[in-house]
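1. Need a 3D model of the sequence below.
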Amino acid sequence: MLELDELTGPSAASVLDAAGWTGGRRNPATEWATTWRRGDAHAWVQGDGPWVQLEFTVWHREVAEERPDPDMYIDELHDAAAAQLPVVVAQLEAGVAGLQPRSVDEDLTDGADYIDHAAWRVSNKVVLAGAKQDDTDTPVRLVVVVRDYAAEAEDDDGEWL
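-> Okay, here's the model as predicted:
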């Protein structure tokens, strides 16, 4: 089991590999895969350490532009993703994978725009489950993010490194 205090790119990759995930694209600067897949779920590892972010896509639906009313369809996708969020939240709050998250009253989104989300602090990490769509022509996704909680993990513009 990966201890959150030991979160590095290579350690995350080794845990994903041991759990049956298939490594995909590799960043030429790393010796480990940065994208992973297991069934319909996808994972992305950004960073090597000391600041690392893992993002798991556990649900996604493509946007179909050929629909009669694309705006209504997108709203339906947003609602469907938000409806799945409580299931993931319940699993995280129950301590899936040994996590014991605690809620806090601060914004833990790191400036990202979510349709709906829940977030917790676990040790010096953030665990966030959220429904999001990064752009109008990208899939609507339900993601779980694990990242370091440190101001040093952001660049001067507040973007995740």
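2. residues of the helix of greatest length in the chain that come out buried?
-> Determined from DSSP state H, the single longest helix within the chain is helix 70-93. In terms of neighbour count (16 or more other CB atoms under 10 Å), helix 70-93 has its buried residues at 73, 74, 77, 78, 81, 82, 85, 88, 89, 92, 93. In short, each C-beta sits where N, CA and C put it, glycine included.
3. buried residues in stretch 13-27?
-> Applying 16+ other CB under 10 Å to stretch 13-27 flags 13, 15, 16, 21, 23 as buried.
4. Inside helices: which ones of these?
-> Short answer: those in helices (DSSP H) are 13, 15, 16.
5. Looking at those, spot the one nearest residue 41.
-> residue 16 (10.5 Å; CB to CB).
6. list the contacts for that closest one?
-> 23, 33, 36, 38, 43, 45 (CB atoms under 8 Å, 6 or more residues apart in numbering).
7. And the residue located most distally from the centre of the chain, how far from residue 13?
-> Distance from the C-alpha centroid of the chain, by CA atoms, centre = their mean, peaks at residue 68 (31.2 Å). For residue 68, the distance to residue 13 equals 44 Å [CB to CB, to the nearest Å].
8. surely residue 131 meets residue 116?
-> Yes. Contact criterion CB atoms under 8 Å: residue 131 and residue 116 qualify, at 5.1 Å.
9. where do the contact lists of these two overlap?
-> Common neighbours of residue 131 and residue 116 (CB under 8 Å, 6+ apart) are 81, 82, 85.
10. if we can go back for a sec, neighbour count winner among residue 131 and residue 116?
-> residue 131 (23 against 17; other CB atoms under 10 Å).
11. Just list whatever residues bridge to that one.
-> residue 116, residue 142 (DSSP bridges).
12. Low-confidence regions, the protein specifically.
-> Within the chain, the segments meeting pLDDT under 70 span 1-5, 49, 65-67, 70, 96-104, 150-161.
13. make it 80
-> 1-6, 25-31, 48-51, 63-72, 95-105, 122-124, 136-137, 149-161 (pLDDT under 80).
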